[in-house]
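**Q** curious how this folds, go ahead:
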Amino acid sequence: MAYLNDLILDNGLAYLTANAERLAILSSAPSSYADAVTKTIAYKDAPTVAPPADRTPNGRQVTVSAIADGVVDPGGGSASGEVWALLDVTGTALLAWGDLGNDQLLVLGNTFTLTSFPIGIPDAA
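**A** Predicted coordinates:
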């Protein structure tokens, strides 16, 4: 059985917490930072990402706080089946992405909302 100390897991998640400068809603899954920028249909700068904590059933996780005032880019779109992405704008890095999980119509001039969600790393098995 393999083992990783929580410090190993936490360092990767702490990097995410410290460097996630933008949460973007994308039209489809990105392959790179540049691709994520191109596919952005809405965003929230300076999202709140909590420090690492225990994950159920095992491992460690961070939680991205709920968003109530996201900005919809010109053109907007339907956020049905799209993805979220966390971006390090300064370092031009795609840090993480995942399925959006809730559908909403994104219309220019409106804001978007998003419930909080975890990003986790399971323990080594």
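
**Q** now the strands for this protein?
**A** Under the criterion DSSP state E, the chain carries strands at the ranges 22-26, 40-45, 53-54, 60-64, 67-72, 77-78, 83-88, 93-99, 105-106, 111-114, 117-121.

**Q** in this structure, what helix or strand scores lowest on average pLDDT?
**A** strand 77-78 (a mean of 62; mean pLDDT, DSSP states H and E).

**Q** and T111, how close does it get to A68?
**A** Per CB to CB, to the nearest Å, T111 is found 7 Å from A68. From N, CA and C alone the C-beta is placed, and that goes for glycine too.

**Q** which one's more surrounded, the two?
**A** T111 (14 against 10; other CB atoms under 10 Å).

**Q** what about the residue lying closest to that one once chain neighbours are set aside, how many residues nearby?
**A** Of all residues not flanking T111 in the chain, D69 sits nearest, at 5.1 Å (CB to CB, 6 or more residues apart in numbering). Around D69 sit 8 other residues, with neighbours defined as other CB under 10 Å.

**Q** again, but for G101
**A** Using other CB under 10 Å as the criterion, G101 is surrounded by 12 other residues.

**Q** ok, now how distant is it from P118?
**A** G101 sits 11 Å away from P118, going by CB to CB.

**Q** from the contact counts, what lies against the top helix by length along the chain?
**A** Longest helix in the chain by number of residues (criterion: DSSP state H): helix 6-19. Contacts defined by 3 or more CB pairs under 8 Å, 6 or more residues apart in numbering; DSSP states H and E place helix 6-19 against strand 60-64, strand 93-99, strand 117-121.

**Q** let me have the ones you listed in TSV, extended by mean pLDDT and mean neighbour count.
**A** TSV is the format used below for those (pLDDT from 0 to 100; neighbours: other CB atoms under 10 Å):
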stretch	mean pLDDT	mean neighbour count
strand 60-64	96	22
strand 93-99	96	17
strand 117-121	94	17
